[in-house]
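Enquirer: Provided below for reference: sequence and predicted model.
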Amino acid sequence: MRYAYLGPEGTFTEAALRALMPQAPEADLVAYPGVDAVFSAIRRGEVAGGVVPLENSLEGGVSATMAELINGDPLLIAAETALPVRFTLFARDGVALADVKRVATHPHAYAQCRGWLARNLPDAEVFTVSSTAAAAQAVAEPGAPYDAAVCARVAGERYRLNALAEGIGDRSDTATRFIQLVRPQPLPEPTGADRTSLVAFLADDHPGALIELLQQFAVRGVNLTRLESRPTGDGLGRYCFCLDADGHVADPAVGEALMGLRRICKEVRFLGSYPRVGLGTELSPFLPPRGTTSADFYEAERWLARVRAGEPG
Ligand SMILES: O=C(O)C(=O)C[C@]1(C(=O)O)C=C[C@@H](O)C=C1
């Protein structure tokens, strides 16, 4: 089984794929030049699945991934992982920090190192490329158009570059969340610690429309871990809402919340229920509100069936 990732070799996404599938043989990991290319390879059936970055703790959602999830032919999220991301400035042998005038990196990496670059290379121009490893690969080429790359240590080493400065992120604690995508297929079984992702499109614009959407989760005791509004592409002021909720769609509370959304939204795109990975920065745990455990939902369903059958409740 082959798996696609945002390449070339040495990206953070490759590290995420290895973390998600430690048993996968080397030859089965296939690098693609962009997030959209990974999505297409999965849709075309060239690979069994693939890994792309979803969001960064500093820079937020990865637009290319969000756009494909929202608008492209549907794929399912089958797993997630989160990795710390640390950046190093690499150059060819013989290039010193003072020589660096043109820096290449990925836009998300640039966003995480902007302050360091402004302080230490105020006159350098920054060029964004398809990944941090693509930047390292480009710097290593003879006659390269760039003097240095901001990338992972493994990428600099892979392309035999020289480290000029380590830990150049503006924060030392940033993390990126990655998702493993597959073609539509039966969902992973609930594990008891799952996450459900979806995109909701409002039916119309009226006061409280977003509150009504959120209430579907709140009244059923379903905890939301992410809410991101993204433009639908249909013009200014048109948004859809990307939500992550604790729980599996097979859990009654999550299932009922999704049915509620389906009733009030123009469209709900289900993106998957998959084992949840602790991101390490969760807010303090809470007790489920009264009447919102799965047992409470099943008990109420049995009670309603008795009432409907004319039996004493
Ligand atoms: O360029 C890479 O190495 C990637 O894996 C992509 C990516 C991203 O899209 O955010 C992943 C993690 C870092 O935040 C920087 C870049």
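Expert: Received the coordinates, thanks. Since we're looking at a predicted model, the values are computed, not measured. Numbering: from 1, shown residues only.

Enquirer: Settle this for me: R195 is touching L271, isn't it.
Expert: No: at 10.1 Å, R195 does not count as touching L271 under the criterion of C-beta atoms under 8 Å. To be clear about C-beta, it is placed using only N, CA and C from the backbone, and glycine gets the same treatment.

Enquirer: Give the closest residue to the closest residue to the ligand within the stretch 201-313 of the chain in space, chain neighbours not counted.
Expert: Using C-beta to the nearest ligand atom, the closest approach of the stretch 201-313 of the chain to the ligand is made by L279 at 14.1 Å. In this structure, L279 finds its nearest non-sequential neighbour in A82, 5.1 Å apart by C-beta to C-beta, 6 or more residues apart in numbering.

Enquirer: Likewise for A48?
Expert: M1 (4.1 Å).

Enquirer: got the contact list for that neighbour?
Expert: Residues counted as contacts of M1 (C-beta atoms under 8 Å, 6 or more residues apart in numbering) are 24, 28, 47-49.

Enquirer: what's the distance between I77 and the ligand?
Expert: 16 Å (C-beta to the nearest ligand atom, to the nearest Å).

Enquirer: V199 falls within a helix, correct?
Expert: No: counting by DSSP: H, G, I helix; E, B strand; the rest coil, V199 is located in no helix; its state is strand.

Enquirer: those helices in the stretch 1-150 of the chain, which residues are they?
Expert: 12-20, 35-44, 63-71, 107-120, 132-140 (DSSP state H, counting those that start in this stretch).

Enquirer: Name the helix or strand for S229, please.
Expert: Applying DSSP states H and E as the criterion places S229 in strand 224-231.

Enquirer: beta partners for A149?
Expert: F90, A104 (DSSP bridges).

Enquirer: thought it was touching A136?
Expert: Yes: in this structure, A149 is within contact of A136 by C-beta under 8 Å, at 4.4 Å.

Enquirer: what sits in contact with each of the two?
Expert: 90, 155-156, 161.

Enquirer: okay, the angle between the helix or strand harbouring S273 and helix 63-71?
Expert: Element membership for S273 (DSSP H and E) is strand 265-275. Orientation check (axes from the mean of the first three to the mean of the last three C-alpha atoms, to 10 degrees): strand 265-275 against helix 63-71 gives 120 degrees.

Enquirer: just checking, what packs against strand 265-275?
Expert: helix 63-71, strand 76-84, strand 194-202, helix 252-264 (3 or more C-beta pairs under 8 Å, 6 or more residues apart in numbering; DSSP states H and E).

Enquirer: Rebuild the shared contacts of A149 and A136 as a markdown table, extending it with distance to C265, pLDDT and secondary structure.
Expert: Below are those laid out as a markdown table (distance: C-beta to C-beta, whole Å; pLDDT from 0 to 100; DSSP: H, G, I helix; E, B strand; the rest coil):
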| residue | distance to C265 | pLDDT | secondary structure |
| --- | --- | --- | --- |
| F90 | 47 | 98 | strand |
| A155 | 42 | 98 | helix |
| G156 | 46 | 98 | helix |
| L161 | 49 | 98 | coil |
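
Enquirer: what's the closest of those to L214?
Expert: A155 (40.4 Å; C-beta to C-beta).

Enquirer: Show me which residues of the stretch 1-150 of the chain sit near the ligand.
Expert: 6, 11-13, 53, 56, 62, 85, 106, 108-109, 131-133 (C-beta under 6 Å from any ligand atom).

Enquirer: Show me which positions of stretch 215-229 end up buried.
Expert: Residues of stretch 215-229 classed as buried under the neighbour-count rule (16 or more other C-beta atoms under 10 Å) are 216-217, 220-223.

Enquirer: mind saving the C-alpha coords of it as CSV?
Expert: Output of stretch 215-229 as CSV, limited to C-alpha atoms (Å, rounded to 0.1, in the frame of the first residue of the first chain):
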residue,chain,number,x,y,z
GLN,A,215,-26.3,25.1,20.1
GLN,A,216,-26.6,21.7,18.3
PHE,A,217,-23.4,20.7,20.0
ALA,A,218,-23.9,22.6,23.3
VAL,A,219,-27.3,21.1,24.2
ARG,A,220,-26.1,17.6,23.6
GLY,A,221,-22.9,18.1,25.7
VAL,A,222,-20.6,17.7,22.7
ASN,A,223,-17.3,19.6,23.2
LEU,A,224,-15.9,21.6,20.2
THR,A,225,-12.2,21.8,19.9
ARG,A,226,-12.0,24.0,16.8
LEU,A,227,-14.1,26.4,14.9
GLU,A,228,-12.7,28.1,11.8
SER,A,229,-14.7,30.2,9.4
